[in-house]
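Enquirer: could you work out the structure for the sequence below:
(2 chains)
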Amino acid sequence: GAVVSQHPSWVICKSGTSVKIECRSLDFQATTMFWYRQFPKQSLMLMATSNEGSKATYEQGVEKDKFLINHASLTLSTLTVTSAHPEDSSFYICSPQKGLAYNEQFFGPGTRLTVL
Amino acid sequence: ELKVEQNPLFLSMQEGKNYTIYCNYSTTSDRLYWYRQDPGKSLESLFVLLSNGAVKQEGRLMASLDTKARLSTLHITAAVHDLSATYFCAVGRGSQGNLIFGKGTKLSVKP
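Expert: This next block holds a predicted model:
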């Protein structure tokens, strides 16, 4: 298996503030990191894909200036929600890719963001 | 564009009964995954299906894949309350590695 951690597990913030979410692969190196978002009672939607040392690729409809992704090392990626608004309240889940795409896909435990 | 459809979206079962969840996808893919999600939690991997005709079983759950029909099924045998959760199927998007998820099936098993 693989161990993935996310921090924080939950966060409550005021509108207009920025929140940073960390995702770490603890026992493997991940050249690629996927960030997903899950709104209440909905499915997971891919937000962006990042490769270590490169700029992230964002899915259509996801604002790259609002959701800043940094993948500076093979074991750490961060997602920063800038100027958060209540509509950004969601469950954010990272998925570092271990090895080939055909392997099992691993997911972090998620970060629940609530913006007041 | 790859689309993944699950049905049913809601399933209320009695303990001891059998049922099947269906997952259809729109374009060719050779990777299909089933996950379980409990409320407030992340995803727990159940099965990875990588070839046509693949069948995997774990306890009361069995998953199969028909790549020609672009269909996967998750069969539940003699359901128990502990199986109550939301089940997602997800399909690999080309060589990019990321997954496209179905909407999920919320399963409730009642005594």
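Enquirer: residues of the helix or strand bottoming out on mean pLDDT in chain A that come out buried?
Expert: In chain A, the helix or strand scored least confidently by mean pLDDT, DSSP states H and E is strand A:67-73, which has a mean of 91. Buried residues in strand A:67-73, counted by 16 or more other Cβ atoms under 10 Å in any protein chain shown: A:67-71. C-beta here means a position set from N, CA and C on the backbone, and glycine is covered the same way.
Enquirer: export those residues to CSV and tack on distance to residue B:42?
Expert: Supplementary listing: those in CSV, determined by distance: Cβ to Cβ, whole Å:
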residue, distance to residue B:42
A:67, 19
A:68, 22
A:69, 19
A:70, 21
A:71, 20
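Enquirer: with distance to chain B added, can I get these in CSV?
Expert: What follows is the buried residues of strand A:67-73, written out as CSV (distance: Cβ to the nearest Cβ, whole Å):
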residue, distance to chain B
A:67, 16
A:68, 19
A:69, 14
A:70, 18
A:71, 14
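Enquirer: picking up where we left off before, parallel or antiparallel, which strands does the least confident helix or strand of chain A pair with?
Expert: With DSSP bridges as the test, strand A:67-73 is paired with strand A:76-81 (antiparallel).
Enquirer: what mean pLDDT does the partner strand have?
Expert: Across strand A:76-81, pLDDT averages out at 96.
Enquirer: with stretch A:39-56 instead?
Expert: What stretch A:39-56 shows for mean pLDDT is 91.
Enquirer: may I see the buried residues of it?
Expert: For stretch A:39-56, by 16+ other Cβ under 10 Å, it's A:43-44, A:46-50, A:52, A:56.
Enquirer: pull the most distant pair out of those.
Expert: Largest separation among those by Cβ to Cβ: A:43 and A:52, giving 27.3 Å.
Enquirer: residues contacting whichever residue of chain B sits closest to chain A?
Expert: Nearest to chain A, among the residues of chain B, is residue B:97, at 3.8 Å (Cβ to the nearest Cβ). Residues near residue B:97 by Cβ atoms under 8 Å, 6 or more residues apart in numbering or on different chains: A:32, A:34, A:49, A:97, A:101, A:105.
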